[in-house]
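Peer 1: My questions concern the predicted model and sequence given below.
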Amino acid sequence: MTTQEVLAKVTDIFRDVLDEDNIVLKPETTADDVEEWDSLTHIQIIVAIEKRFGIKFSTAEINGFKNVGEMSDAIVKKKV
Amino acid sequence: MLSFNELRKQIKKPVDPALPSIKIGIVGDSPTQFLNQAIRGYGLTQGIAFDILEADIDQIDQQILIPDSELNEFKPRYILIFESVYLLRDRFYSLSASDRISYAESYKDRIRSLYMAAARTGAKVICFSYPMISDGVFGNYGYKTKLSFTTQLIRINAALAELAVELKDLFVMDTAALAASQGLENITQRNLYINSGLLYQPDFYAVIAKHITDQIMAIIGRFKKCLILDLDNTTWGGIIGDDGIENIQIGSLGTGKAFTELQKWAKQLKERGIILAICSKNTESVAMEPFEKHPDMVLRLKDIAVFVANWETKVDNIRHIQSILNIGFDSMVFLDDNPFERNMVRSSIPDITVPELPENPEEYMPFIISQNLFETASLSEGDESRTAQYQEEAKRAALQKSFLNEDEFLESLNMVSVVRPFDKFNIPRVAQLTQRSNQFNLRTIRYSEEEAAKVASSDDHITLTFTLEDKFGDSGLIAIIILEKRKDTFFIDTWLMSCRVLKRGMENFTLNTIVEIAKREGVGEVIGDYIPTKKNQMVQDHYKNLGFTEKDGKWILDVNNYIILPNKISAQ
């Protein structure tokens, strides 16, 4: 799976969890750029991503993602 | 079951201001935001707007014990004490060996004192039982020593059960059972717990929210009273009309065990006061035969309050059952294996609960249990005899057809009523009736047992209970009056009656009794009041029909010119 494909699926998850159809994610997008992306919805997003891709993030990863790009890269790596 | 995400979307919609609002305070030692959002979301799906205060984390005792804490200032009706089993364990670890042995006792004392403080503010308390975990210290030997967390955890859950029995307004939400059925591994997530202390996966908060809401709805009187069962492939396997009594599956035949399980469950429900009814497309005699003759049947005809088997539609038959039982459709559950029948009933009678039974009978019971269909908040002695009462009602209905006029019929019933004030024997039933009666209830004021006891001992009130017995049986306590003494008048604070005894002249008998007391006390006027609700339209003209005259939105009865209303009930 390419980063591009992962990003598209992650975008769907963000839209569903945050209930906002207009969200557009880029690799450099951070929590500051998305209004409803707070610590609570972050947990929902993590759980939804884990379920969708069948992967598990470590605690260190959850805390360490600086932006959507790093999150997507981690997903791509786990899916290889 | 709705996911957490779906519940969260509920709370983002505008809330209907007409919804009843109930205040809940949540105190916890792990993050409670998910619990808060899930309860609010689930409440909205059930027509309740929960108003929730989340106290700061780790402030459980202070918030409850300090009178002017944020929690107490909020004046919640319910306080949820949401404690983590891992912190329960860590506190255990910090104790000396001698304190470890009595850990459960000191836990029990602590919860009792929290409850006492909460009860003084009028709040009810909901605690959570703890999921069973192993801490990997003693291995299986843990059961053999009080020094193990294993033993103390078991004793703490037992202590919660003991406290709930002892303390009237303490309720336990059974997390332990839910965790056992779903599996701790499936409901917890290590990375979230280590990262933010979050106890459970978001979706498990949705499950907890349902159970909390179920409990609160039961406490406020919204609960299920009746289970209606289809027969073929629901109560037994196979089709009685085609397969015959020898070949239907119950007991050890085929998938019979699954149906036996369901019957055992239904029988237990019946024993705790749920009314059972049968609604089946069958010839009646054929449908009844297994109940009379099959050795493996758990349910027998005596367990069934209303048995309807014919070739009419299920919608018509359920309406017929409702008319005999006289309870709201929203207090009924209908189980049927056939999706077509389910949908037809659901679309014609939207208030009834029709669970989407799984296709395979072996999955019936786990599914049914997961739905928590029959939550309750109280038990009373009349519960066990209710089935017999409804069977009597069916006989009365049959007898009535044979009389030409109503008076003659009522006369033949030999009705007797015992009138008594509230006392310690009838107060549980009084409180239960004030909480359950929705239709024949003029002002729908709910009384807890404590509140009922308070009115009973008040000099400013007169309380009355009425029983009704006839030749078919004893209906028990069926009507309640609370009169508030005001200057030269009685104000009828509460007038409610069980719908079972409608059209028997009980209203007339009751008013005669009220007037008799008014005359004795030298009171000139009785004032009635009607507060409309969604369910009590049947009594909107109650006072008018009894000869009261309207004045400024209230109903006035002149005691001195009162003419005794006719009825066929004699007082005892």
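Peer 2: Happy to help now that I have it. Numbers count the residues shown, from 1 in each chain, chains lettered A, B, ... in the order given.
Peer 1: Can you show me the helices along the stretch 301-450 of chain B?
Peer 2: Listed in chain order, the helices of the stretch 301-450 of chain B (DSSP state H, counting those that start in this stretch) span B:314-325, B:339-348, B:364-371, B:386-400, B:406-412, B:427-436, B:449-456.
Peer 1: In JSON lines: these, plus distance to B:Gly473, mean pLDDT and mean neighbour count.
Peer 2: From N, CA and C alone the C-beta is placed, and that goes for glycine too. What follows is the helices of the stretch 301-450 of chain B, written out as JSON lines (distance: least, CB to CB, whole Å; pLDDT from 0 to 100; neighbours: other CB atoms under 10 Å in any protein chain shown):
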{"stretch": "helix B:314-325", "distance to B:Gly473": "15", "mean pLDDT": "92", "mean neighbour count": "19"}
{"stretch": "helix B:339-348", "distance to B:Gly473": "31", "mean pLDDT": "93", "mean neighbour count": "15"}
{"stretch": "helix B:364-371", "distance to B:Gly473": "31", "mean pLDDT": "95", "mean neighbour count": "16"}
{"stretch": "helix B:386-400", "distance to B:Gly473": "4", "mean pLDDT": "74", "mean neighbour count": "16"}
{"stretch": "helix B:406-412", "distance to B:Gly473": "15", "mean pLDDT": "83", "mean neighbour count": "15"}
{"stretch": "helix B:427-436", "distance to B:Gly473": "17", "mean pLDDT": "89", "mean neighbour count": "22"}
{"stretch": "helix B:449-456", "distance to B:Gly473": "26", "mean pLDDT": "92", "mean neighbour count": "18"}
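Peer 1: so which of the ones you listed gets nearest B:Tyr93?
Peer 2: Closest to B:Tyr93 of the helices of the stretch 301-450 of chain B is helix B:364-371 (CB to CB; 34.4 Å).
Peer 1: what packs against that closest one?
Peer 2: Applying 3 or more CB pairs under 8 Å, 6 or more residues apart in numbering or on different chains; DSSP states H and E, one finds that helix B:364-371 contacts helix B:175-182, helix B:256-271.
Peer 1: Just put those helices in CSV and tack on distance to B:Tyr562 and mean neighbour count.
Peer 2: Output for the helices and strands packed on helix B:364-371, formatted as CSV (distance: least, CB to CB, whole Å; neighbours: other CB atoms under 10 Å in any protein chain shown):
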stretch, distance to B:Tyr562, mean neighbour count
helix B:175-182, 57, 18
helix B:256-271, 44, 18
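Peer 1: how much space between the residue in the stretch 201-350 of chain B that chain A sits nearest to and B:Leu95?
Peer 2: Proximity to chain A, evaluated over the stretch 201-350 of chain B using CB to the nearest CB, is greatest for B:Pro202 at 5.6 Å. Counting by CB to CB, to the nearest Å, the separation of B:Pro202 from B:Leu95 is 33 Å.
Peer 1: for B:Ile48, same thing?
Peer 2: The gap separating B:Ile48 from B:Leu95 is 41 Å, by CB to CB.
Peer 1: again, but for B:Lys146
Peer 2: Relative to B:Leu95, B:Lys146 is positioned 12 Å away (CB to CB).
Peer 1: Which positions in the stretch 101-250 of chain B make contact with chain A?
Peer 2: Residues of the stretch 101-250 of chain B lying close to chain A by CB under 8 Å from any CB of the partner chain are B:Gln189, B:Arg190, B:Asn191, B:Leu192, B:Ile194, B:Asn195, B:Ser196, B:Leu198, B:Gln201, B:Pro202.
Peer 1: buried subset of these?
Peer 2: B:Gln189, B:Asn191, B:Leu192, B:Asn195, B:Ser196, B:Leu198, B:Gln201, B:Pro202 (16 or more other CB atoms under 10 Å in any protein chain shown).
Peer 1: Could you dump those into JSON lines and include distance to B:Ile556?
Peer 2: Formatted as JSON lines, those follow (distance: CB to CB, whole Å):
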{"residue": "B:Gln189", "distance to B:Ile556": "65"}
{"residue": "B:Asn191", "distance to B:Ile556": "69"}
{"residue": "B:Leu192", "distance to B:Ile556": "64"}
{"residue": "B:Asn195", "distance to B:Ile556": "67"}
{"residue": "B:Ser196", "distance to B:Ile556": "63"}
{"residue": "B:Leu198", "distance to B:Ile556": "60"}
{"residue": "B:Gln201", "distance to B:Ile556": "60"}
{"residue": "B:Pro202", "distance to B:Ile556": "57"}
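Peer 1: Save those residues as TSV, and put in secondary structure too.
Peer 2: Listed next are those as TSV, based on DSSP: H, G, I helix; E, B strand; the rest coil:
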residue	secondary structure
B:Gln189	coil
B:Asn191	helix
B:Leu192	helix
B:Asn195	helix
B:Ser196	helix
B:Leu198	coil
B:Gln201	coil
B:Pro202	helix
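Peer 1: one step back: compute the number of surrounding residues for the closest residue to the residue of the stretch 201-350 of chain B closest to chain A other than its chain neighbours.
Peer 2: Excluding its sequence neighbours, the residue lying closest to B:Pro202 (CB to CB, 6 or more residues apart in numbering or on different chains) is B:Phe4, at 3.7 Å. Counted with other CB atoms under 10 Å in any protein chain shown, residues neighbouring B:Phe4 total 25.
Peer 1: Surely B:Phe4 is in contact with B:Leu198?
Peer 2: No: between B:Phe4 and B:Leu198 there is no contact under CB atoms under 8 Å: 11.6 Å.
Peer 1: who touches both of those two?
Peer 2: Here B:Phe4 and B:Leu198 share the contacting residues B:Phe34, scored by CB atoms under 8 Å, 6 or more residues apart in numbering or on different chains.
Peer 1: Show the contacting residues for B:Gly47.
Peer 2: B:Leu19, B:Pro20.
Peer 1: Can you tell me the SS state at it?
Peer 2: Of the three states, B:Gly47 takes coil under three-state DSSP.
Peer 1: Sounds good, over and out.
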